[in-house]
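*Asks:* show me the folded form of this:
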Amino acid sequence: MHESLGRVYTSSWGKMKKLVILCVIVLAPLLLITSVAGCQQQQPAATPSLTIMVESNTVEAGSSFVVSGSNFKPHQKAFIELKLRASDYNMVMQVSGEADENDLFYSEAIFIPEDVVPDDYEVEIFTGKNIDNRELIAALPIHIQARLK
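*Replies:* Sure thing, here's the model as predicted:
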């Protein structure tokens, strides 16, 4: 009796071994193909970062300077803000525009009134949907000097 039980056990173990080996043979290539296919997926192209610059770091009161940028998305809006002090009042200059469709370039001239107090200021550049819904992308230093006569 022990012999027949042993054979049944051996016979079942043999079938199970064959089943496990068959599963490994069938599943291993599928796993390999899946992992190789996953590695070959193309990564999304990196978006170039925005480049913002001012024409000059020093501007004379009564003249203007240009703020420009590149690598914008087509029609992406940009907002420029400059807080200035005059002898008897403060002002906030705001200029807005959008990048063109082809060059993805943006440029705006900022006029500095003659009565601005010479000092160091900061030009802030934002992007967003509108003046109330925007995100600061750059703050650039600018020195305004008295007008040379």
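*Asks:* walk me through the domains of this structure.
*Replies:* 1-41, 51-145 (automatic domain parsing).
*Asks:* mind telling me which of these the model trusts least?
*Replies:* Mean pLDDT across the domains of the chain is lowest at domain 1-41; the value there is a mean of 52.
*Asks:* tell me who's in contact with the spatially closest residue to Lys83 that is not a sequence neighbour.
*Replies:* Closest residue to Lys83 apart from its sequence neighbours, by CB to CB, 6 or more residues apart in numbering: Val92 at 5.2 Å. All C-beta spots, glycine's among them, are computed from the backbone N, C-alpha and C. Applying CB atoms under 8 Å, 6 or more residues apart in numbering to Val92 gives the contacts Glu81, Leu82, Lys83, Leu84.
*Asks:* check which helix or strand covers Val92.
*Replies:* strand 90-98 (DSSP states H and E).
*Asks:* direction included, what does that strand pair against?
*Replies:* On the basis of DSSP bridges, the sheet neighbours of strand 90-98 come out as strand 77-85 (antiparallel).
*Asks:* report the backbone C-alpha coordinates of the partner strand in PDB.
*Replies:* Extracted in PDB, the C-alpha atoms of strand 77-85 (Å, rounded to 0.1, in the frame of the first residue of the first chain):
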ATOM      1  CA  LYS A  77       0.800  85.700 -22.500                       C
ATOM      2  CA  ALA A  78       3.500  87.700 -20.600                       C
ATOM      3  CA  PHE A  79       3.100  90.500 -18.100                       C
ATOM      4  CA  ILE A  80       5.900  92.900 -17.100                       C
ATOM      5  CA  GLU A  81       5.600  94.900 -13.900                       C
ATOM      6  CA  LEU A  82       8.000  97.700 -12.700                       C
ATOM      7  CA  LYS A  83       7.400  99.500  -9.400                       C
ATOM      8  CA  LEU A  84       8.900 103.000  -9.600                       C
ATOM      9  CA  ARG A  85       9.200 106.000  -7.200                       C
END
